[in-house]
Structures are given as structure tokens and as C-alpha cells.
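[1] Have a look at this fold, sequence not included:
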């Protein structure tokens, strides 16, 4: 959790912090604009129950950044620190490390430029999963502000471009859009902005796929705290419907399988429905899990390269060559899988782009995920089963309601006369060439229709 507290000395702050700790079981807490330093800072931190902490001291009762945690299995090491950010490496026992940057950007634009330049330099050399969270004191487009004076589009573009140059993605939010409640100037509505956010590089986003940013209620400060949490409550992927995977067609046995199971004596739709069951079984028994296969191949290649006989045994040399060829085939299939899931309309030439497509797919999945819904009584529903029941019942009511159809009166409407040739063309059955032309114009990996087969299946077969 990151929280711009606007001072930590009050009893009200300590009471609110303890409630957050109790309710959300926080692993790491970042406090910004603490306005307290020295022994007073350490006394407040230890009084809140934290055993470990990193402090960027407040200067003359302004600023101040604290990173606090309780669990001794978490190790946080400072890599760089100044008045506007603390850059650290985080490692939990027996897990790979990742980088965390706690940000409190200056309200002054000239001072902010210094931190943007410093973080951009860090980004160029970043080889680990990396998360940045805090108060950036910037917005990147018009949707992140409400009220007040008109936005400065140039500053918005500069901030958005900076995020792109650093290779970062915005982790989004659930709950409240605006994280800061500002003043109300004469002649204007009160201003609200989304100043607090979490950004990450693609490696962190793929490492923590289920992470979401929940904006907590604003208390004892003019900022809402963003809470980064693992969302497990609404994962509804069990029992998901069949969908054709483009990577299946890359398997050498796919074409013979299709010819064997496609029956000429039954209707087209019946063939597709029958093929769904056969393909699901073939996927499990023949095609297999590409991620398990990739791990197995990498382990075998690693074992060969560690062998004492490596480089001296022709059998091992040939086996390594064959395994690497199999690995390349698996990597091609993996890239095809993530390309489809990312909904990208193009493929970049050159290096393999699996990581890019994987990141895009995760971002898209997070945006499409339903975390909560409001019922007819204005109550929020968050539990997985309650969400399912609410959606099903809503559609049941929608389609069970009696609809009164009022006939359209066209007695007094003058309809234009259509040319006889146009009428005949409208009644003509489409030719095979017209159907083929229309099919080829559809994006190969566009979302499939009710049959769950994307256009690439019909194009290639």
C-alpha cells in the first residue's frame, strides 16, 4: 500500500493505519509526505508494529518517504534514494528478487523533471521485474481530472511519453478513479485528479499476473491510498468454453486429424460441434501443454550441456540439436498463442515477440475482468458465486419480462421506389467467390463468433 498521509504525527493517522493493517494484512507499507524525521520517525514506525523500515528523511517538516514492513522473510535493500523516490530490491525467502521504487514526485514541475530523468536512466538498465508506486503528481490524459481549470495537454503528453520511454505499463485501478481531492477555486468546481498510481515493466506484470490496484477510501488525508493486491476472488476460468487455438494448426498431425474427423455426410454446423469435442480430446492427448513441454526441453538441454561428455559425444551433440529444434517449434506455438490472446492486429518482424504479446494479453485480461457489480439496492457484490448468480438472474429477468410490441404505422410514409435491378441483386444468393472474398477480409485472429472458431481456421482449411 502507498499512502500520501500529509503528516504522520497525529493520533488519528496511527489509528487509521492500524485499521488498514488489520483489514488488509499488508506486507509492505509506503508512507509519503510524512513530515517527520529522526528519532520521532523511528518511534512512530515501531509504535505501528513495523520491525523493519527504510527512511528518506523529511526536510524542514516537508516531504519524507518511508518503506515499512514486519515480515522477516522479506528483505528490502536500498539501491538509490533521494527526496523524491527510494529505489529498492525486494526479495522474499527462496523467491526471485524484483525492484520496487516508492515515488513522491515534487509538486513543482521543475523539480519533477529531475526525478523523471533519473528514473528513465534506471529504466534503460533495468533487467529485473520492476514496480513503481506512489504519488506522481501528474496526470496523463483528460480522463484523470475532474473540475478546476482546464488541463494542460502538453504536460499530459509529456508524462504519457515518459511512461512509454521507460517501457512501463499502468496497472490501472478498481474503485475510485480520482485519488486526490483538491481545492475549490471561485468560479470552478472542486478539482479531483488521479495523482497516485502504480506502474510496472512487462517483466513485473507477467510475474504478478493477478495483481490489481484497489483505491482505498480517503481518510485523514486528501489522498486515497492505492493498495496493490493479488485478486483471487473473481477468477472464473474454470469450465471456460471451447475456443480454437491457432497454434494447433502448427502441429504436423493436425491436418490428418482434421481430414479424419471432418464428415462430408453431415451438416456444416454439426461438423463444427462434433469437432469441438474431438479437438478438446486431441489437445490433451496429442498436442499437450506447451508450457510443460518447454520446461522439459529446457531441462534436458541444460542436462546435456552440464554433462562431462558434452562436446565429445556425437550422440549428445545430435540430441541437443534435435531438442533445440523442438524448442524452436514450441516457442513459435507459444508466440502464436499469446498473439491471439493479445488481440494485436499485427506481428512484429525480427526477434521473437512472445513477451510483448503475453504482456498485452495480461493487460487486456485485467481490463475485461469483472471485479464487482452493484445490485438494484445500490449494494456492491464482490464474492465470486454471488457475482455469477447476480449476472444469471439479471439476464433471466431481462428475457422473461413481457415486452409489448406496438405495431409501426406506415400508412402515411412515402417509401422510395427501388430500381428493379437493385431488387434482383438483393434477392440473389451470394456466390462462392463473394463468400470467399468476405471471409478473407476478416482479421484472422479476431474474436470468434458463436461457433468459437476464429477466421484463421476457415482460411487455412
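    That came through fine. Keep in mind it's a predicted model, so treat the numbers as computed, not measured.
[2] Next one: residue 320 relative to residue 296, how far apart?
    Shown here: residue 320 relative to residue 296, a distance of 14 Å by C-beta to C-beta, to the nearest Å. All C-beta spots, glycine's among them, are computed from the backbone N, C-alpha and C.
[3] right, I mislabeled it, should have said residue 154
    Note on residue 154: its distance to residue 296, by C-beta to C-beta, is 53 Å.
[4] Which one of those two is surrounded by more residues?
    Between residue 154 and residue 296, counting by other C-beta atoms under 10 Å, residue 296 is the more crowded of the two (16 against 8).
[5] starting at the chain centroid, how far to the helix or strand encompassing the more buried one?
    For residue 296, the element it lies in under DSSP states H and E is helix 290-306. Averaging C-alpha coordinates over helix 290-306 and over its chain gives two centres that are 29 Å apart (C-alpha atoms, centre = their mean, to the nearest Å).
[6] hmm, who's touching it?
    Helix 290-306 is touched from outside by 247, 310, 316, 319-320, 323-324, 326-327, 330-331, 333-334, 337, with contacts defined as C-beta atoms under 8 Å, 6 or more residues apart in numbering.
[7] Repeat the analysis, applying 6 Å as the threshold.
    Contacts made with helix 290-306 from outside it, assessed by C-beta atoms under 6 Å, 6 or more residues apart in numbering, are listed as 316, 320, 323, 326-327, 330, 333-334.
[8] repeat for stretch 12-28
    Looking at stretch 12-28 with C-beta under 6 Å, 6+ apart, the contacting residues turn out to be 1, 5, 48, 69, 219-220.
[9] List the buried residues in that stretch.
    By neighbour count with 16 or more other C-beta atoms under 10 Å, stretch 12-28 contains the buried residues 13, 16-17, 20-21, 26, 28.
[10] out of everything not next to it in sequence, what's closest to residue 107?
    Nearest-residue entry for residue 107: residue 137, 5.6 Å, with adjacent residues in sequence omitted and distances by C-beta to C-beta, 6 or more residues apart in numbering.
[11] Give the residue spans of this protein that score low on pLDDT.
    Within the chain, the set of residues satisfying pLDDT under 70 comprises 60-62, 231-240, 338-368, 401-404, 410.
[12] Helices along that one, start to end?
    The residue ranges that make up the helices of the chain, judged by DSSP state H, are 11-24, 38-47, 109-124, 153-165, 202-207, 254-261, 268-282, 290-306, 314-342, 354-368, 384-400, 420-427, 432-440, 455-460.
[13] coming back round to it: what subset of the contacts of stretch 12-28 is buried?
    For the contacts of stretch 12-28, a neighbour count by 16+ other C-beta under 10 Å gives the buried set as 1, 5, 48, 69, 220.
[14] out of those residues, who's nearest residue 398?
    When the buried ones among the contacts of stretch 12-28 are compared for distance to residue 398 (C-beta to C-beta), residue 1 wins out at 39.1 Å.
[15] Wait, that closest one touches residue 31, no?
    No. With the criterion set as C-beta atoms under 6 Å, residue 1 and residue 31 do not qualify as a contacting pair; they are 9.1 Å apart.
[16] thinking again about what came up before, with respect to residue 190, which of the buried residues of stretch 12-28 is nearest?
    Proximity of these to residue 190 (C-beta to C-beta) peaks at residue 16, which lies at 22.6 Å.
[17] closest to residue 191 out of the helices of the chain?
    For the helices of the chain, the distance to residue 191 is smallest for helix 153-165, at 14.8 Å, taking C-beta to C-beta.
[18] Pull out the buried positions in the closest one.
    Residues of helix 153-165 classed as buried by neighbour count (16+ other C-beta under 10 Å): 156, 158-159, 162-163.
[19] And for stretch 258-266?
    Along stretch 258-266, these residues count as buried under the neighbour rule (16+ other C-beta under 10 Å): residue 258.
[20] for it, how far is the first residue from the last?
    With C-alpha to C-alpha, to the nearest Å as the measure, the first residue of stretch 258-266 is 15 Å from its last.
[21] Can you tell me what sits against it?
    Contacts of stretch 258-266 from elsewhere in the structure, counted by C-beta under 6 Å, 6+ apart, are 271, 278.
[22] give me that answer again for 8 Å
    Contacts for stretch 258-266 (C-beta under 8 Å, 6+ apart): 271, 274-275, 278, 461.
[23] My guess is residue 80 contacts residue 121. True?
    No. Using C-beta atoms under 8 Å as the test, residue 80 is too far from residue 121 to be in contact (10.1 Å).
[24] Go ahead and confirm residue 54 touches residue 78.
    Yes. Using C-beta under 8 Å as the test, residue 54 is close enough to residue 78 to be in contact (5.6 Å).
[25] out of these two, which sits in the more crowded spot?
    A count of neighbours by other C-beta under 10 Å puts residue 54 above the other of residue 54 and residue 78, at 17 against 13.
[26] in the sheet, who's paired with the more buried one?
    Going by DSSP bridges, residue 54 is paired in beta bridges with residue 67.
[27] Now do it against residue 93, distance only.
    Taking C-beta to C-beta, one finds residue 54 at 19 Å from residue 93.
[28] And residue 143, by the same measure?
    Residue 143 is 41 Å from residue 93, by C-beta to C-beta.
[29] list the contacts for the closest residue to residue 208 other than its chain neighbours?
    Spatial nearest neighbour of residue 208, chain neighbours left out: residue 230 (7.3 Å); criterion: C-beta to C-beta, 6+ apart. Under the criterion of C-beta under 8 Å, 6+ apart, the contact partners of residue 230 comprise 208, 210-212.
[30] who's in contact with the closest residue to residue 123 other than its chain neighbours?
    For residue 123, the nearest residue in space outside its immediate sequence neighbours is residue 166; the separation is 3.9 Å by C-beta to C-beta, 6+ apart. With contact set as C-beta under 8 Å, 6+ apart, residue 166 has these partners: 119-120, 123, 199, 201.
[31] ditto for residue 41
    Residues counted as contacts of residue 41 (C-beta under 8 Å, 6+ apart) are 8, 34, 55, 57-58, 64, 66.
[32] ok, now residue 228?
    With C-beta under 8 Å, 6+ apart as the criterion, the residues that contact residue 228 are 1-2, 131, 133, 171, 198, 211-213.
[33] now it, which residues is it bridged with?
    With DSSP bridges applied, the residues forming beta bridges to residue 228 are residue 213.
[34] separation between it and residue 105?
    Distance check for residue 228 against residue 105: by C-beta to C-beta, it reads 18 Å.
[35] thinking again about what came up before, how many residues are close by the residue nearest to residue 107?
    A count of nearby residues for residue 137, using other C-beta under 10 Å, gives 22.
[36] That's all I had, so thanks and see you.
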